[in-house]
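J.: model this:
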Amino acid sequence: MMRTSVTYVALAAALALPAPAGRAQTIRVEQSVAGDMPQFPAPGRELKSGTGQIRGRVFAVETGSPIRRAQVRVSGPDIMPKAALTDGEGRFEFRDLPAGRFTLQATKSGYVSVQFGQTRPYESGRPIELADKQVLENSDIAMPRGSVIAGRIVDEFGEPMPDVSVTALRQSWSNGRRRLMPAGGRIAQTNDLGQFRIYGLPPGDYYVSATMRGGPVEFFAMEMMAATRSFGPAPSGSTPSSGYAPTYYPGTPSAGEAQKITLIAGQEHSSADFALMPVRLAKITGIVVGSDGRPLAGAMINVVPRDRNEVRLLAGHTSARTNADGAFTLNGVAPGDYTLQANSLHVMTSSEGGRTMVLAMRGGPGGSGPDSETGFLPLTVAGDDISNVVLVTAKGGRATGRVTFEDGSRPGDIGSVRISATAIDTDGPAPFGGSFGPVQPDGAFELTGLAGVRLIRAAGVPAGWTLKSVRLNGVDVTDSGAEFRPGEDVTGLEVVLTVRTTSVTGGVTAGDGSPLKDYTVVIFADDEDLWRAPRSRWVTGVRPDQEGRFKAQNLPPGSYHAVAVDYIPQGEWGDPDLLARLKGKGSRFTLDEGGNEVLDLKLAMAY
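T.: Numbers count the residues shown, from 1 in each chain. The predicted model follows:
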């Protein structure tokens, strides 16, 4: 127990890796943090049960005392996530588990959420390998007290601002660059005195942002309710000509000028007081014209910051729907560079049981389909109203293809397989929708609503199979992606699945030869260009199981490096600069198709 406590506290200040010297910092706000969500089985995957059991105890790092009524969650590829509450002695138990690999995570208000085997901030937990009928005891989880950021939000006159959303952000490597990401989803709301309190934070460096509530989300809901009625005349309300921009501590609208708050374990920083920045809001009016040259009625209009590396949580009614003449009005748009975006929508309602439900989908009744239309237009807002904007939409591209199976073999049921087409440019305007299609019994699939470069992947692949390649008319686009143009029909997509899966397993020893159970192995391709591939298949980080053995599966065949390090936060192994420093410090190996490589690694002392 003491080792866990000392390790967590000693490395508490080493949470965030700094941006490389001399390089401009890239900042973006994301909506989720890896490791916070349970693992769900793939669609169509058969759920299993068994006679395995996992038992353990949750205790406080600082005192070693049991933590009562903590929620412990187990998840794995063959079960639905299950939760248990600890008893008066901090104990928990899961029964009827099949053989397989599982993760455990404990949560409790006031404490840092921790996974089994996690001893340092934002580190991945360690998986549990459970054999058939095995009863695993002592799967203990140590939880440190969370740190706190508290303060007060006021307006430009010093008056308290209630109902302001306040978020703690941290730097992390994600999707090819360093970004600001919400710290474990910690969002607070100010009270009537303008006070906020963000708790349960791991030690580390944070930035704080504040945004007025009641903007796009609430307005979107009202617009959807209005869309269930006719496009006839409707009452209108006055809109303010001034408002507040999303503001970063200590009182700046620029994320690049935000001040860092450094927390040690269990610390409360209670003086994060700042004022929201007042800005002049603009009104934008115009018309949306469809690909047929006629006004597009009922389309959803919104403005998206053009530079999505520094996301502005928009402060006004920045979403609207076009009327029967295709006209729209956007109120309360703060100054900035934006992309004006239009999406055709089909709205369905249900009033069963006295409740009204509204479901908005792109395109026709089937959701994102061939009738889906989207348009983009760059727009700069400087505080003055903008009128007579004309935005022309286009139908998304359509692609058809087939899933094939290597060597002519074929799984018994492919009904669970889904083909996705993910936009590579995650920092550009929101792409067309409809990039997700089921696979028919003969292997055929169709994707609609496509535009830009898309990465084609297969989800819900049957157990024992993995993606081998994606080809477009014979050209390999597995890692580069395929480019689609609005309104264009593309044929000849081939998604190849194989049973010749790969694995890399092994253990790690210290300098004196003693085996280690707490480390991270980073595995990455020898070819540096593959490090920078979008959502690269060629780089991964793995943690050891409860016996100290690591396993990485389904890497593409090729030449690799494997390096064992003492500590690295989740996802940081995607940073090419870090990989360049790691190269040559571990073992180099070649992974053949269907190959199983066993490695004995030494812990790298520095990188």
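
J.: Next, residue 146: phi, psi?
T.: With angles defined as degrees, to the nearest 10, residue 146 sits at phi -80, psi 150.

J.: Name the nearest residue to residue 134, ignoring sequence neighbours.
T.: Once flanking residues are discounted, residue 134 sits nearest to residue 52: 5.2 Å by CB to CB, 6 or more residues apart in numbering. Bear in mind the C-beta positions are built from the backbone N, C-alpha and C, glycine included.

J.: In terms of helices and strands, where is residue 262?
T.: Using DSSP states H and E, residue 262 sits within strand 261-263.

J.: What strands line up against that strand, and which way round?
T.: Note on strand 261-263: by DSSP bridges, its sheet partners are strand 204-212 (antiparallel).

J.: buried stuff in the partner strand?
T.: Across strand 204-212, burial judged by 16 or more other CB atoms under 10 Å covers 204, 206-212.

J.: Need the contact partners of the next helix or strand after the strand holding residue 262.
T.: Helices and strands here follow DSSP H and E; after strand 261-263, the next one along the chain is strand 268-269. With contacts defined as CB atoms under 8 Å, 6 or more residues apart in numbering, strand 268-269 is touched by 147-150, 261, 263.

J.: Distance from the longest strand along the chain to the middle of the chain?
T.: Longest strand of the chain, by residue count under DSSP state E: strand 177-189. Offset of strand 177-189 from its chain centre (CA atoms, centre = their mean, to the nearest Å): 11 Å.

J.: Wasn't residue 531 part of a helix?
T.: Yes. Using DSSP: H, G, I helix; E, B strand; the rest coil, the assignment for residue 531 is a helix.

J.: Surely it touches residue 579?
T.: Yes. Between residue 531 and residue 579 there is a contact at 5.4 Å, judged by CB atoms under 8 Å.

J.: so what sits against both of those two?
T.: When CB under 8 Å, 6+ apart defines a contact, the residues bordering residue 531 and residue 579 alike are 524, 539.

J.: before we move on, back to that, could you tell me the per-residue confidence at the residue nearest to residue 134?
T.: pLDDT for residue 52: 96.

J.: Over to the one 3 residues further on?
T.: At residue 55, the model reports a pLDDT of 97.

J.: Same question for residue 351.
T.: Per-residue pLDDT puts residue 351 at 49.

J.: and if you look at residue 605?
T.: For residue 605, the predicted pLDDT is 81.

J.: Spatially, what comes nearest to it if we skip its sequence neighbours?
T.: That would be residue 511: by CB to CB, 6+ apart, it lies 7.2 Å from residue 605.

J.: re earlier: nearest to residue 187, of the contacts of strand 268-269?
T.: The closest of those to residue 187 turns out to be residue 149 (CB to CB; 11.9 Å).

J.: what about that closest one, distance to residue 266?
T.: From residue 149 across to residue 266, the span is 13 Å (CB to CB, to the nearest Å).

J.: and the two? which has more neighbours close in?
T.: When neighbours are counted by other CB atoms under 10 Å, residue 149 comes out ahead of the other of residue 149 and residue 266, with 26 against 17.

J.: Can you tell me how far that one is from residue 197?
T.: 8 Å.

J.: With residue 71 instead?
T.: 21 Å.

J.: Would you map out the domains in the protein?
T.: By the assignment in automatic domain parsing, the chain contains the domains 32-143, 147-394, 396-498, 503-602.

J.: What's the end-to-end length of the last one?
T.: The straight-line separation of the ends of domain 503-602 (CA to CA, to the nearest Å) is 19 Å.

J.: Give the buried residues for stretch 511-522.
T.: For stretch 511-522, using 16+ other CB under 10 Å, the buried residues are 516, 518-522.

J.: could I get the residues you listed as CSV with secondary structure?
T.: Conversion of the buried residues of stretch 511-522 to CSV gives the following (three-state DSSP):
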residue, secondary structure
516, coil
518, coil
519, coil
520, strand
521, strand
522, strand
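
J.: Turn those into JSON lines, including distance to residue 571 and pLDDT.
T.: Below are the buried residues of stretch 511-522 laid out as JSON lines (distance: CB to CB, whole Å; pLDDT from 0 to 100):
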{"residue": "516", "distance to residue 571": "22", "pLDDT": "97"}
{"residue": "518", "distance to residue 571": "19", "pLDDT": "96"}
{"residue": "519", "distance to residue 571": "17", "pLDDT": "97"}
{"residue": "520", "distance to residue 571": "11", "pLDDT": "97"}
{"residue": "521", "distance to residue 571": "15", "pLDDT": "98"}
{"residue": "522", "distance to residue 571": "11", "pLDDT": "98"}
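
J.: these two touch, right, residue 131 and residue 99?
T.: Yes. The pair residue 131 / residue 99 is scored as a contact, 5.5 Å apart, by CB under 8 Å.

J.: Only the buried residues of the strand or helix carrying residue 447, if you could.
T.: Assigned by DSSP H and E, residue 447 falls within strand 444-450. Going by neighbour count (16+ other CB under 10 Å), the buried part of strand 444-450 is 445-450.

J.: List of residues touching the strand holding residue 262?
T.: With CB under 8 Å, 6+ apart, strand 261-263 has contacts from 13, 147, 149, 201, 203-208, 249, 269, 272.

J.: rerun that using 10 Å as the cut-off
T.: 12-13, 15-16, 121, 146-149, 151, 168, 201-208, 249-250, 267, 269, 271-272 (CB atoms under 10 Å, 6 or more residues apart in numbering).

J.: Pull the contacting residues for residue 383.
T.: 241-242, 279-282, 333-335.

J.: Can you go through the residues you listed and name the buried ones?
T.: By 16+ other CB under 10 Å, the contacts of residue 383 give 279, 281-282, 333-335 as buried.

J.: in the stretch 1-150 of the chain, which spans are helices?
T.: Residue ranges of the helices in the stretch 1-150 of the chain, as given by DSSP state H, counting those that start in this stretch, are 2-10.

J.: Same question for the stretch 201-350 of the chain.
T.: 216-227.

J.: Name the spans of it whose pLDDT lies under the cut-off.
T.: For the stretch 201-350 of the chain, the stretches flagged by pLDDT under 70 are 213-240, 307-317, 345-350.

J.: The buried ones among the contacts of residue 383 into a markdown table, with extra columns for distance to residue 546?
T.: Output for these, formatted as a markdown table (distance: CB to CB, whole Å):
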| residue | distance to residue 546 |
| --- | --- |
| 279 | 54 |
| 281 | 56 |
| 282 | 58 |
| 333 | 54 |
| 334 | 51 |
| 335 | 54 |
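
J.: Residue 93 is in contact with residue 53, correct?
T.: Yes. Using CB atoms under 10 Å, residue 53 is in contact with residue 93, at 6.6 Å.

J.: Identify the contacts common to these two.
T.: In contact with both residue 53 and residue 93: 135, 137, 139, using CB under 10 Å, 6+ apart.

J.: can you redo the contacts of strand 268-269 as CSV with distance to residue 594?
T.: Shown next, in CSV, are the contacts of strand 268-269 (distance: CB to CB, whole Å):
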residue, distance to residue 594
147, 47
148, 51
149, 50
150, 55
261, 50
263, 47
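
J.: Buried among the residues you listed? Make that a PyMOL selection.
T.: In PyMOL, a selection of the buried entries from these looks like this (16+ other CB under 10 Å):
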select buried, resi 147+148+149+150+261+263
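
J.: Check the gap between residue 167 and residue 193 for me.
T.: Distance, residue 167 to residue 193, by CB to CB: 19 Å.

J.: likewise residue 382?
T.: Here the criterion is CB to CB. By it, residue 382 lies 35 Å from residue 193.

J.: Residue 210 now?
T.: Distance of residue 210 to residue 193, computed by CB to CB: 15 Å.
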